[in-house]
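Visitor: Got a predicted structure plus its sequence, pasted below:
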Amino acid sequence: MKPYSKIRLYLSIAAISFIQGLQFGVSPVLGDIQAHYPNVNVSLIQMLITAPGLFSLVVALISGWLVLRITKKQMLVFAGLMAGLTGFLPFLHDSFMLLLVSRTVYGISLGIATTMNVAVVAEFFEGEARVKAMGFQAASVGAGMVVTTVCAGILGRGGFRNSYFINVIGFICMILLIVCLPETGVAKETKTEKIRLNGKVFLMDLFALLEFFFLITYTTNIAMHLSGALAGNTSVSGTLSGIFSGVQIVAGILLGVITAKLKKYTPAAAMLSFAAGAALLALFPDNIVMLTISSILCGMSQGVFIPTAATYLSNHVAPVATALASATLTVAMNTGQLLSPVILNTAAARIFGQTTTTGVYTISAIGMTICAAAMFLWRRSAKD
C-alpha cells in the first residue's frame, strides 16, 4: 500500500460506495409511486432503479479511459455533485418523466463511482490488503444501501416525494472526497503496462451480467411483492431492503474468511445464495420471517459476488488497465439490470399468463441456478 492515511482512504471508499447506494433510494416507495402515477407502465416504474444504467454504461467505459487525462479524484468529486443535484431535481415539478430523467442522469455519478471504487482500491492496496479493502468496499456499499433504503422508506411514509431528501448524501460524499481522497495525478501507460483486457475479464463480465440480470429483481419487485397484511407497507419493504443491504456489510467484513473457505468457487456459491432467496420470495410473499431469510440470502449474493469479481479482474490485468476492467464490470452489471425488468416481466407473462412478481422470482431462481452451475464448471476447470 502506498504511504497515505489508511483512515482517509477508507473514508473515501465509503463515500464512493454511498454514491452508489443512492441508486436504490426509490426502492421502498415504488409501490406508492405506482399508485401516484396509475397510467405509467410497471416496467417504467421499475426503471427508476435500473434507468441509471443507461448513462452508467457509457460513462463507465469513458471513465476507464479518462484516467489517462483526468484524475480519479476530479471525476469522483464531480460524481458526488451530480448525485446530489439530480436527486433534488424532481422537487421542481410533480412529473414522472422528470423523475425518470433525473434518475437516468444520476447514472453519470453511478458509472463513475462504480468504476473508480475498484480502481481506487487497486491503486492504494496490494495483496491481502487489497482483499480486505475490497471487502470493506462491499461492506460500505451495503451500508450505503442500508442508510438509503431504510431512511427513504421512513421519509416516504409522509409522502413518497419526501424520500428525495435522502439525496443530500451526494453532497456529503463530495465534501468527504475533497477532504480525504489523495490526488495522485493521471494514470500513465508504459511500454510494459498497456490498457488491455483479456478473455478472463470478459468471461467474468458475462457472469456479472447474468448475476445482476436476476439479482436486480429483488430490488425492483420487493415493494410490490408483499401480500396479505404486509401489502403496501413501505416500512416493511424499506426494512427488507435494508436487511438486503445490511447483509452486504457482514459479507464484506467476512469476505476474507468466505473466500478462504470457498476459494475459486466463491462466485458460484454467491449465485446459489440468490437462487435460494428468490425461491423463498416466490413461495412466501406474506410471511415476514421467510421474507427476511430471503432478503439475507439475496443480500449475501450481491455482497460476496461483487468484490470477488472485482478482485479477480484487478488481479488479471496490468495496474493501468484496472479502471477499464472495472468499467467493463460496471457495464456488465448495469446491462443486466437494465434488461431485466422488460425481459423477465415479458417472460413471466408468457409462461404464467400474466406478469406477477411471483412469476419473476420463480424464473430468477431457476435462471440463477443454471448460471451458478455454469460458473462452477468454469472455475473448476480454471488453473488460477
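Guide: In hand now; what should we look at?
Visitor: use CA for all of it now, contacts and neighbours both
Guide: OK.
Visitor: ok, C371 to F213 distance?
Guide: 11 Å (CA to CA, to the nearest Å).
Visitor: Show me which of the two is the more surrounded one.
Guide: Neighbour count, other CA atoms under 10 Å: between C371 and F213, F213 has more, with 25 against 19.
Visitor: chain center to the helix or strand hosting that one, what's the gap?
Guide: Per DSSP states H and E: F213 is located in helix 199-225. Centroid separation between helix 199-225 and its chain, computed with CA atoms, centre = their mean, to the nearest Å, is 9 Å.
Visitor: Name the next helix or strand downstream of it, please.
Guide: Counting by DSSP H and E, what follows helix 199-225 is helix 234-253.
Visitor: For that next one, which helices and strands make contact with it?
Guide: Identification of packing neighbours for helix 234-253 by 3 or more CA pairs under 8 Å, 6 or more residues apart in numbering; DSSP states H and E yields helix 127-156, helix 199-225, helix 288-315.
Visitor: mean confidence score for whatever helix or strand comes next after the longest one?
Guide: What it means is helix 127-156. Counting by DSSP H and E, the element after helix 127-156 in chain order, helix or strand, is helix 168-180. The pLDDT scores in helix 168-180 average 96.
Visitor: which secondary structure elements does helix 168-180 contact?
Guide: helix 6-21, helix 72-88.
Visitor: hang on, the earlier thing: make a markdown table from the helices and strands packed on helix 234-253 and add distance to T104 and mean pLDDT to it.
Guide: What follows is the helices and strands packed on helix 234-253, written out as a markdown table (distance: least, CA to CA, whole Å; pLDDT from 0 to 100):
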| stretch | distance to T104 | mean pLDDT |
| --- | --- | --- |
| helix 127-156 | 18 | 84 |
| helix 199-225 | 15 | 92 |
| helix 288-315 | 22 | 92 |
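Visitor: Format these as CSV; extra columns: distance to S102.
Guide: Formatted as CSV, the helices and strands packed on helix 234-253 follow (distance: least, CA to CA, whole Å):
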stretch, distance to S102
helix 127-156, 17
helix 199-225, 18
helix 288-315, 26
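Visitor: pLDDT below threshold where in the stretch 1-150 of the chain?
Guide: Residues of the stretch 1-150 of the chain that meet the criterion pLDDT under 70 lie in 1-3.
Visitor: Now do the buried residues in the helix holding F213.
Guide: Residues of helix 199-225 classed as buried under the neighbour-count rule (16 or more other CA atoms under 10 Å) are 201-202, 204-225.
Visitor: Quick check: which of the helices and strands packed on helix 168-180 is nearest to V141?
Guide: Nearest to V141 among the helices and strands packed on helix 168-180 is helix 6-21; the distance by CA to CA comes to 4.5 Å.
Visitor: okay, the closest one in PDB with CA atoms only?
Guide: What follows is helix 6-21, C-alpha atoms only, in PDB (Å, rounded to 0.1, in the frame of the first residue of the first chain):
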ATOM      1  CA  LYS A   6      -5.400   4.500   5.800                       C
ATOM      2  CA  ILE A   7      -8.300   6.100   7.600                       C
ATOM      3  CA  ARG A   8      -8.800   8.800   4.900                       C
ATOM      4  CA  LEU A   9      -8.600   6.100   2.200                       C
ATOM      5  CA  TYR A  10     -11.300   4.000   3.900                       C
ATOM      6  CA  LEU A  11     -13.500   7.100   4.300                       C
ATOM      7  CA  SER A  12     -13.000   7.900   0.600                       C
ATOM      8  CA  ILE A  13     -14.000   4.300  -0.300                       C
ATOM      9  CA  ALA A  14     -17.100   4.700   1.900                       C
ATOM     10  CA  ALA A  15     -18.000   8.000   0.300                       C
ATOM     11  CA  ILE A  16     -17.800   6.400  -3.200                       C
ATOM     12  CA  SER A  17     -19.900   3.500  -2.100                       C
ATOM     13  CA  PHE A  18     -22.600   5.700  -0.600                       C
ATOM     14  CA  ILE A  19     -22.900   7.500  -4.000                       C
ATOM     15  CA  GLN A  20     -23.500   4.000  -5.500                       C
ATOM     16  CA  GLY A  21     -26.100   3.300  -2.800                       C
END
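Visitor: Next, the angle helix 168-180 makes with that helix.
Guide: Angle of helix 6-21 versus helix 168-180, following axes from the mean of the first three to the mean of the last three CA atoms, to 10 degrees, is 150 degrees.
Visitor: related to what we said a few turns ago, which strands or helices does the helix holding F213 pack on?
Guide: Using 3+ CA pairs under 8 Å, 6+ apart: helix 199-225 touches helix 30-36, helix 42-50, helix 234-253, helix 266-283, helix 288-315, helix 322-352, helix 357-381.
Visitor: Give me whichever of those helices is most buried.
Guide: helix 234-253 (a mean of 26; mean count of other CA atoms under 10 Å).
Visitor: now that one and helix 127-156, what's the angle there?
Guide: Using the same axes, to 10 degrees: helix 234-253 against helix 127-156 is 170 degrees.
Visitor: and helix 234-253, average pLDDT?
Guide: Mean predicted confidence for helix 234-253 is 82.
Visitor: mind listing what K194 touches?
Guide: K194 makes contacts with A318, V320, A321, as judged by CA atoms under 8 Å, 6 or more residues apart in numbering.
Visitor: again, only using 10 Å
Guide: By CA atoms under 10 Å, 6 or more residues apart in numbering, the contact set of K194 is K188, V317, A318, P319, V320, A321.
Visitor: What separation is there between it and I70?
Guide: Taken as CA to CA, the span from K194 to I70 is 17 Å.
Visitor: can you check L22 too?
Guide: 24 Å.
Visitor: More neighbours: those two, which one.
Guide: The neighbour comparison of L22 against I70 (other CA under 10 Å) goes to L22, with 30 against 14.
Visitor: Of the helices and strands packed on helix 168-180, which is nearest M300?
Guide: Here helix 6-21 is closest among the helices and strands packed on helix 168-180 (CA to CA), at 15.9 Å.
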